[in-house]
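A.B. asks: Quick one: sequence plus predicted model below, questions after.
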Amino acid sequence: MKNTNKISPFVTIAQAFGRYHLTLFVVVLVSGLSTAVLMLNEILKQSSNPNGYTSSLDMTSFDQATIDRLQKLKSSNDASTSFSLPAGRINPFAE
């Protein structure tokens, strides 16, 4: 009778893992990071799409006080009023 060595498949897998553990680690790490980046990119693309969005704010009218305050605002084309410092103060930006 021949004396044959029967190697368990688990031993073969363990030997292969022992030999290529660093390569397998790098492949799994790069795969995981690229998957995370792609998922985040998809989330950002979906969040910037305004279709189907309805605002939760129901305020559609202004009261008279708000309208008066808005009318008092000046545009950038209007001439600005001259600014004077209170007495006893100096302007640090003046020459």
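C.D. replies: The structure has been received and is ready for your questions.

A.B. asks: Next SSE downstream of the longest helix seen in the chain?
C.D. replies: Of all segments of type helix in the chain, defined using DSSP state H, the longest is helix 9-47. As assigned by DSSP states H and E, the chain's next helix or strand after helix 9-47 is helix 64-72.

A.B. asks: Distance from that next one to the middle of the chain?
C.D. replies: 37 Å (CA atoms, centre = their mean, to the nearest Å).

A.B. asks: try stretch 67-82
C.D. replies: The answer for stretch 67-82 is 36 Å, by CA atoms, centre = their mean.

A.B. asks: Using CSV, write out the CA atom coordinates for that stretch.
C.D. replies: Taking Å, rounded to 0.1, in the frame of the first residue of the first chain, the C-alpha atoms of stretch 67-82 are listed here in CSV:
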residue,chain,number,x,y,z
ILE,A,67,-42.4,95.5,4.3
ASP,A,68,-41.6,98.9,5.9
ARG,A,69,-38.1,97.7,6.9
LEU,A,70,-37.4,96.3,3.5
GLN,A,71,-38.4,99.6,1.8
LYS,A,72,-36.0,101.5,4.1
LEU,A,73,-33.0,99.4,2.8
LYS,A,74,-30.8,101.2,0.3
SER,A,75,-29.4,99.6,-2.8
SER,A,76,-25.7,99.6,-3.7
ASN,A,77,-26.4,102.3,-6.4
ASP,A,78,-27.5,104.9,-3.8
ALA,A,79,-25.0,107.4,-2.6
SER,A,80,-23.7,106.7,0.9
THR,A,81,-24.1,109.1,3.7
SER,A,82,-20.9,110.6,5.1
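
A.B. asks: Contacts for it next, please.
C.D. replies: residue 62 (CB atoms under 8 Å, 6 or more residues apart in numbering). Any C-beta I mention is one placed from the backbone N, CA and C, and that applies to glycine too.
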